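Please find the sequence and the predicted model below.
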Amino acid sequence: MTNFVYLHIKATDSLAEDFGDYKGKRDFIEKIDKSFEPLSSLKDVIIMITGDHTTSCELKDHTEDPVPFLISGSDKDNVSKFGESYCKSGVGLVRGLKFIDRVLSSSKEKTNV
């Protein structure tokens, strides 16, 4: 059996969509990043970080732009930081419907299930 925890953090979307607050959104993302640091040393754990859509601070609305994602413990690539510009050189585009397949296959590879 695989344990799965889903955590949705709405604040970044709200800061962009409701207030157009770029600095607030950036600062909140950095706060989230720091809170995940202790999890990086856990063994046999897959951590997936992504968004459900992009939200432009300038437009104060959702956009059609690709959403960056990180899957720890997965196939390695040359990406050293998580962000839109960094992730462009990673594993490439994964369509939304195939994303969970990618996560589950990473889980099986890591735990040898």
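Perfect, thanks for sending it. These numbers come from a predicted model, not from an experiment.

burial of residue 50, as a residue count?
Using other CB atoms under 10 Å, residue 50 has 16 neighbouring residues. Every residue, glycine included, has its C-beta placed from N, CA and C.

Hmm, it is touching residue 82, no?
No. When contacts are counted by CB atoms under 8 Å, residue 50 is not listed as touching residue 82 (9.6 Å).

Tell me which residue is most central in this protein.
The centroid of the chain falls nearest to residue 50 when counting by CA atoms, centre = their mean (2.1 Å).

and that residue, what are its phi and psi?
phi -160, psi -180 (degrees, to the nearest 10).

Name all residues that make contact with it.
67, 68, 69, 70, 99 (CB atoms under 8 Å, 6 or more residues apart in numbering).

Quick check: bridge partners of it?
Taking DSSP bridges as the rule, residue 50 bridges to residue 69.

start the count at 8, not 1, going forward
Let's use 8 as the start, then, which means that last one is residue 57.

For it, give me the pLDDT.
You'll see residue 57 listed with a pLDDT of 82.

Distance from the chain centre to stretch 21-36, please.
Taking CA atoms, centre = their mean, to the nearest Å, one finds stretch 21-36 lying 17 Å from the centre of the chain it belongs to.
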